[in-house]
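1. Need a 3D model of the following:
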Amino acid sequence: MDSPKANPNPIGKVFEHTGALEKLQNEALRPILKAQNEALVQVYRYFLQKRHVPFAKMATAEQKNWIADSLSKDNRLRGLLIGMVIAGLNAEQLELYLNEEAEVNRRIIGMATQRLQSQLEVLL
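-> The predicted structure is shown next:
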């Protein structure tokens, strides 16, 4: 007869792992981005000025696309914004960040993109 094994449920591990990332996002990343909002806007304005981007002349949809494209393609800008956020993490949060760097970076850039896209009037 088969004896019951203490086989961990792989689906449970996935949910536990996802839960830790969600917790990091909601309890750390979002509040840090909110607290750093003024600096985030200032850095992005400087980026637009430095790149001589005619942002004010663009249509709203084009501005939103420009923000998304620049945050996904410009590695310097990405690194700067990610650095602004991870500087606010505590040791436990930083450990999770280091273990899941790519996923957390994706989440940071996604939230920063949404935050900037929702404040177009401030960027002009």
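
2. where's the residue sitting nearest the centre point of the chain, which helix or strand?
-> Closest residue to the average C-alpha location of the chain: I108 at 0.8 Å, with Cα atoms, centre = their mean. In this assignment (DSSP states H and E), I108 forms part of helix 101-117.

3. helices and strands around the next helix or strand after that helix, which ones?
-> Scanning forward in sequence from helix 101-117 by DSSP H and E, the next helix or strand is helix 120-123. Helix 120-123 is packed against helix 37-50, helix 60-73, with contacts defined by 3 or more Cβ pairs under 8 Å, 6 or more residues apart in numbering; DSSP states H and E. For every residue, glycine as well, the C-beta is placed using N, CA and C.

4. orientation of the last one relative to helix 101-117 in degrees?
-> Taking axes from the mean of the first three to the mean of the last three Cα atoms, to 10 degrees, one finds helix 60-73 and helix 101-117 inclined to each other by 160 degrees.

5. how distant is helix 60-73 from the center of its chain?
-> 15 Å (Cα atoms, centre = their mean, to the nearest Å).

6. So for the helix holding I108, what gets flagged as buried?
-> For helix 101-117, burial by neighbour count (16 or more other Cβ atoms under 10 Å) applies to 103-105, 107-109, 111-113, 115-117.

7. Dump the C-alpha coordinates for it into CSV.
-> This file holds the C-alpha atoms of helix 101-117, laid out as CSV (Å, rounded to 0.1, in the frame of the first residue of the first chain):
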residue,chain,number,x,y,z
GLU,A,101,14.8,41.2,-9.4
ALA,A,102,13.3,40.9,-12.9
GLU,A,103,9.7,40.5,-11.7
VAL,A,104,10.0,43.4,-9.1
ASN,A,105,11.6,45.6,-11.7
ARG,A,106,8.8,44.9,-14.1
ARG,A,107,6.3,45.8,-11.4
ILE,A,108,8.2,49.0,-10.5
ILE,A,109,8.3,50.2,-14.1
GLY,A,110,4.7,49.3,-14.6
MET,A,111,3.6,51.4,-11.6
ALA,A,112,5.9,54.3,-12.5
THR,A,113,4.5,54.3,-16.0
GLN,A,114,0.9,54.4,-14.7
ARG,A,115,1.8,57.1,-12.2
LEU,A,116,3.4,59.4,-14.9
GLN,A,117,0.7,58.7,-17.4
